[in-house]
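**Q** coords please:
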Amino acid sequence: MTQAESITRSAILHRDTRFVPKKAVGGKGSYIFLEDGTKFLDSTGGAAVSCLGHGHEKVTQAVADQLNQLAYCHTAFFGTDVSEELARFLCDSTGGKLSKLYVVSSGSEAVEAALKLARQYFLEVSPAQPQRTRFIARLPSYHGITLGALATGGHVLRRQPFEPLLAQNTSHVSPCYAYRGKKEDESDADYVARLAAELDAEFQRVGPETVCAFIAEPVVGAALGAVPAVPGYFPAMKAICEKYGALFILDEVMSGMGRCGTLHAWEDEGVVPDLQTIGKGLGGGYAPVSGLLIGEKIVQAMDKGTGVFRHGQTYQGHPVACAAALAVQKTIREENLLENVRAMGTYLEKRLRARLESHPNVGDIRGKGLFWGIEFVKDKTTKEPFAPETAIAFHVQETGLKPVHGISLYAASGCVDGIRGDHVLLAPPYNVTKEEIDIIIETAGKVIEEVFANIGST
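**A** Residues are numbered from 1 along each chain as shown. Next up is the predicted model:
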């Protein structure tokens, strides 16, 4: 069947209406099996989701057991043992620093819930602070695709078509992006102080009494390409939030739940958020699931106020989603996979730098744990990015999909200014082996070399 015939016959609105993707027909471990016989190495876990790989029997059995017991009930009427157990597991994993869990189905939904709960918190506290209606985020952040989350994010390309629909109550400050933001003669401490001063000035500009919260990713995912903050950054940001009585929200949908080597990314940053969004690695792709972890002061304010979060969804606390998430999280603990994330992350970084750091178009390699980004530049000295129409990251991703390579390299753009700047992500499963990492690095190297060889010949 030709591509044109496939497009005509498909009833799905695909991501690109002019292209029907190959069908996946199975998966096991780090591999997905395609209809054309390709054994595809899922080195990104889709979108940093498949933290246990594919076909993990313990998880699939837990999902099947829950389906057989009870597939669905509405949380307005009933609770379930599995949702309670998941909530206790995750709250305990924070050492009690976050005391309640709200379960939904996607990262965007978790961010929407966080924004609304932050606003409601200030209506519940005594005395109420109804003037707090604003948020401060960072450029070029991405916090989700629904209108509230999209308005909070600062990713130009994703926002552009929908700007007239987006709320205007979020302003943006610079990210902590040492490769492009830190000056040559600047220490980490000086860089942090400059960014802290910028956030402080933004509070002052919009009126500190009007701000609900500051929101940021501990390690920036798709928007910047696995960019961690320099030491001391997040404590400085939280201190400014506390100075002005605003909440501190960490979006860990992509970087959390073990991806960066600790179950919660903030454990390595020396801070505790008031609200924390989680997703992707929470359920490892075995069910659509995400969540919002909530600090005790917010819970107490709600208890003493109306006691009702004015936000509800049909599938919140879905029993099958909770069963999948609980099985994934128990497996991570029982199999000591966080230790493997740290060990294999160190090995991946070493191999990645040895293979690609000297490439003339690789500007930066950065990341943490099993979450790594490669940024491409036209000129390594000036850090000049490629023109957007060159679509370097897209070509790297598409070349990786060829059967001869059979590897996922998660492409994104806009890391320089929301439009320019190409990077790809690597996010293999937490149980990845050294042998698989060797294959990932060698194949990624070949893909990147092929793309730039073709560009050089045109």
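**Q** Show the contacting residues for the nearest residue to Pro175 once chain neighbours are set aside.
**A** Spatial nearest neighbour of Pro175, chain neighbours left out: Arg138 (4.5 Å); criterion: C-beta to C-beta, 6 or more residues apart in numbering. (C-beta placed from N, C-alpha, C; glycine too.) Applying C-beta atoms under 8 Å, 6 or more residues apart in numbering to Arg138 gives the contacts Gly154, His172, Val173, Ser174, Pro175, Ala216.
**Q** same thing with Val25?
**A** Going by C-beta under 8 Å, 6+ apart, Val25 touches Phe33, Leu34, Glu35.
**Q** List only buried entries from these.
**A** Taking 16 or more other C-beta atoms under 10 Å as the criterion, what is buried in those is Leu34.
**Q** pLDDT for the contacts of Val25 - can I get that in a markdown table?
**A** Output for the contacts of Val25, formatted as a markdown table (pLDDT from 0 to 100):
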| residue | pLDDT |
| --- | --- |
| Phe33 | 97 |
| Leu34 | 95 |
| Glu35 | 94 |
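**Q** which one of the contacts of Val25 sits closest to Gly55?
**A** Ranked by distance to Gly55 (C-beta to C-beta), the contacts of Val25 are led by Phe33 at 10.1 Å.
**Q** how about that closest one, secondary structure?
**A** What DSSP: H, G, I helix; E, B strand; the rest coil gives for Phe33 is strand.
**Q** Going along the chain from the helix or strand of the chain with the lowest mean pLDDT, find the next helix or strand for me.
**A** The element with the least model confidence among the helices and strands of the chain, by mean pLDDT, DSSP states H and E, is helix 3-9, at a mean of 64. Sequence-wise, the next helix or strand downstream of helix 3-9 (DSSP states H and E) is strand 24-28.
**Q** Mind listing the strands that next one pairs with, and their directions?
**A** strand 31-34 (antiparallel) (DSSP bridges).
**Q** which residues sit against the strand it pairs with?
**A** Lys22, Lys23, Ala24, Val25, Gly26, Gly27, Lys39, Phe40, Leu41, Asp42, Gly53, His54.
**Q** Just give the nearest non-adjacent residue to Val308, would you?
**A** Met302 (7.8 Å).
**Q** from the middle of its chain, how far away would the host helix or strand of that neighbour be?
**A** Element membership of Met302, judged by DSSP H and E, is helix 296-304. Centroid separation for helix 296-304 versus its chain: 27 Å, with C-alpha atoms, centre = their mean, to the nearest Å.
**Q** Check which residues of that helix are buried.
**A** Buried, per 16+ other C-beta under 10 Å, within helix 296-304: Ile298, Ala301, Met302.
**Q** would you turn these into a markdown table with distance to Pro273 and pLDDT?
**A** Formatted as a markdown table, the buried residues of helix 296-304 follow (distance: C-beta to C-beta, whole Å; pLDDT from 0 to 100):
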| residue | distance to Pro273 | pLDDT |
| --- | --- | --- |
| Ile298 | 11 | 98 |
| Ala301 | 16 | 97 |
| Met302 | 17 | 97 |
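**Q** okay if I get the residues you listed as JSON lines plus distance to Val308?
**A** As requested, the buried residues of helix 296-304 are exported to JSON lines (distance: C-beta to C-beta, whole Å):
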{"residue": "Ile298", "distance to Val308": "14"}
{"residue": "Ala301", "distance to Val308": "12"}
{"residue": "Met302", "distance to Val308": "8"}
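**Q** circling back to that earlier point, which one of the contacts of Val25 sits closest to Tyr347?
**A** Taking the contacts of Val25 together and measuring to Tyr347 by C-beta to C-beta, the closest member is Phe33, at 26.3 Å.
**Q** does the closest one have beta-bridge partners, and which?
**A** Gly26, Lys39.
**Q** so how far is Leu52 from the residue nearest to Ala24 when sequence neighbours are not counted?
**A** In space, and not counting its chain neighbours, Ala24 is closest to Ile32: 5.0 Å by C-beta to C-beta, 6+ apart. Distance, Ile32 to Leu52, using C-beta to C-beta, to the nearest Å: 14 Å.
**Q** isn't Ser106 right up against Ala287?
**A** No: contact status for Ser106 versus Ala287: not in contact, 11.3 Å apart, counting by C-beta atoms under 8 Å.
**Q** returning to that earlier point: report the backbone C-alpha coordinates of the next helix or strand after the helix holding Met302 in PDB.
**A** Next along the chain after helix 296-304, taking DSSP H and E as the criterion, comes helix 319-334. Extracted in PDB, the C-alpha atoms of helix 319-334 (Å, rounded to 0.1, in the frame of the first residue of the first chain):
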ATOM      1  CA  PRO A 319      -8.500   2.400  39.400                       C
ATOM      2  CA  VAL A 320      -6.600   0.800  36.400                       C
ATOM      3  CA  ALA A 321      -4.300   3.900  36.100                       C
ATOM      4  CA  CYS A 322      -3.600   3.700  39.800                       C
ATOM      5  CA  ALA A 323      -2.900   0.000  39.600                       C
ATOM      6  CA  ALA A 324      -0.400   0.600  36.800                       C
ATOM      7  CA  ALA A 325       1.300   3.400  38.600                       C
ATOM      8  CA  LEU A 326       1.500   1.500  41.800                       C
ATOM      9  CA  ALA A 327       3.000  -1.600  40.100                       C
ATOM     10  CA  VAL A 328       5.600   0.500  38.300                       C
ATOM     11  CA  GLN A 329       6.600   2.400  41.400                       C
ATOM     12  CA  LYS A 330       6.900  -0.800  43.500                       C
ATOM     13  CA  THR A 331       9.000  -2.400  40.700                       C
ATOM     14  CA  ILE A 332      11.400   0.600  40.700                       C
ATOM     15  CA  ARG A 333      11.800   0.200  44.500                       C
ATOM     16  CA  GLU A 334      12.000  -3.600  44.600                       C
END
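**Q** Quick one: distance of helix 319-334 to the chain centre.
**A** On C-alpha atoms, centre = their mean, the centre of helix 319-334 falls 19 Å from the chain's centre.
**Q** Name the next helix or strand downstream of it, please.
**A** That would be, after helix 319-334 and using DSSP H and E, helix 337-356.
**Q** so Ala427 touches Gly373, yeah?
**A** No: the criterion here is C-beta under 8 Å, and Ala427 misses it with Gly373 at 9.6 Å.
**Q** So if I had to pick from those two, which one is more boxed in?
**A** Ala427 (31 against 27; other C-beta atoms under 10 Å).
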